[in-house]
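**Q** What would the 3D arrangement of this be:
(chains A and B)
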Amino acid sequence: MTYQIIPKTIENLQQDFHNTVQTPEPFSPLRPKIKEFTIGLDTLSIPKAKWKRPIIPDFKETLNDYGFIISPRPWLPPRVLKKIEKMKRTQLGNKEMVTLIKDIARRSIDFYNLKKGSFVAIKFDGKIAESADKEIDLLMKIQGKNFDIPVFVWKVGSSSFAGWKA
Amino acid sequence: MTTHVITKQYRQNFAFIRIKGIIPNPVNARQYSFDLKCLIDTGFYGGIYVPKVFFANAQLIGVTPRPTTVTLADGSEITAYVCLAYLQQIENYSFQSPGKPIFLVIYGHKTGKLIGMDAMQHFSVLFDGSANSFTINV
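**A** Model prediction:
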């Protein structure tokens, strides 16, 4: 067996170039790694900069700029907000809880002008999470779901979800 | 349409029935089964009234009962928890799967179990005071 040395002419070089361009190499993990370049910096000579809080743009404003309409939330008085904060730390008493639920429910129902007799699941910040005409339908909608804020259920136009009061 | 008739005697002047049901979680398809002896209470608006141990049982399958206020017979308002359940069996009669949807009222301070008007819309109950008995037509 004899080997022939092919002289490197311009034509041969062009042929080689076209071969390499037209048939790209398949991706393989054995591809040569790109060398990491490190720049030698004298870090000790750089004065330490004080940590500054990054400037975060107002998310609400950004959304408005992009044309999203953010639904407003009913205004809750400081008394109610304080109770919500307290509820996060400790368990509220029965009376406190009843008045808190009633306050939020009445405000949000007036705010959203909901139909009397329907059933709603209201978040503790006053937003309506779900609504239905029957209590069973409402419970079917929210059963097993996780909400970012705890929700309670309420019958619109009534003093409570269940029960009769003269 | 055939009707199933159940006749029972009062026990200590009260009408008790045995029921079976489930609390479903439609998100993860898990369920909690329960078997209770309930007092028939025509003054109770909800489906089934159960003690607070059901709150923890519902949480085991990923269901969080929702807080609300419930008006009691004396007019007082309490904070109770409600969730959806399916009534599957009354005494020896079984409803078609998954059962009849009712709402559970979970309240912690009493251990009594009641079956109320919301559950009773799925069958009829006839009380016979002179014979100390009641009849359920399903």
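**Q** tell me the strands in chain B, going along the chain?
**A** Per DSSP state E, chain B carries strands over the ranges B:5-9, B:16-25, B:30-40, B:48-50, B:66-71, B:77-90, B:93-94, B:100-106, B:114-115, B:124-128, B:133-137.
**Q** Pick out the residue of chain B closest to chain A.
**A** Chain B approaches chain A most closely through residue B:71 (2.9 Å), counting by C-beta to the nearest C-beta. (Glycine included, C-beta is placed from N, CA and C.)
**Q** Next, the angle strand B:77-90 makes with the lengthiest helix in chain B.
**A** The longest helix of chain B (DSSP state H) is helix B:53-60. With axes from the mean of the first three to the mean of the last three C-alpha atoms, to 10 degrees as the basis, helix B:53-60 and strand B:77-90 are set at 70 degrees to each other.
**Q** and helix B:53-60, average pLDDT?
**A** Mean pLDDT, taken over the full extent of helix B:53-60, equals 91.
**Q** The residue of chain B closest to chain A bridge partners, please.
**A** For residue B:71, the beta-bridge assignment (DSSP bridges) gives partners residue B:77.
**Q** Number of residues surrounding it?
**A** Residue B:71 has 19 neighbours, counted by other C-beta atoms under 10 Å in any protein chain shown.
**Q** I'd assumed residue A:160 was in contact with it.
**A** Yes: contact criterion C-beta atoms under 8 Å: residue B:71 and residue A:160 qualify, at 4.7 Å.
**Q** For those two, list the residues in contact with both.
**A** Common neighbours of residue B:71 and residue A:160, using C-beta atoms under 8 Å, 6 or more residues apart in numbering or on different chains, are residue B:77.
**Q** what does chain B have sitting close to chain A?
**A** B:24-28, B:45-46, B:62-64, B:66-72, B:75, B:77-80, B:82-84, B:101-103, B:105, B:118 (C-beta under 8 Å from any C-beta of the partner chain).
**Q** Tell me the secondary structure of residue A:117, please.
**A** With DSSP: H, G, I helix; E, B strand; the rest coil as the basis, residue A:117 sits in coil.
**Q** Let me see the contact set for it.
**A** Here residue A:117 is in contact with A:133, A:155, A:156, A:157 (C-beta under 8 Å, 6+ apart).
**Q** Just the pLDDT for the spatially most central residue of chain B.
**A** What sits nearest the mean C-alpha location of chain B, by C-alpha atoms, centre = their mean, is residue B:48, with 2.7 Å. Note on residue B:48: pLDDT of 91.
**Q** tell me the contacts of it?
**A** The contact partners of residue B:48, taken as C-beta under 8 Å, 6+ apart, are B:19, B:21, B:36, B:38, B:85, B:87, B:102, B:104-105, B:113-116, B:119.
**Q** Need the residues you listed in CSV (columns: pLDDT and neighbour count).
**A** Listed next are these as CSV, based on pLDDT from 0 to 100; neighbours: other C-beta atoms under 10 Å in any protein chain shown:
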residue, pLDDT, neighbour count
B:19, 93, 19
B:21, 93, 26
B:36, 90, 16
B:38, 91, 20
B:85, 94, 28
B:87, 93, 22
B:102, 92, 25
B:104, 91, 25
B:105, 90, 27
B:113, 89, 18
B:114, 89, 19
B:115, 91, 27
B:116, 89, 24
B:119, 89, 26
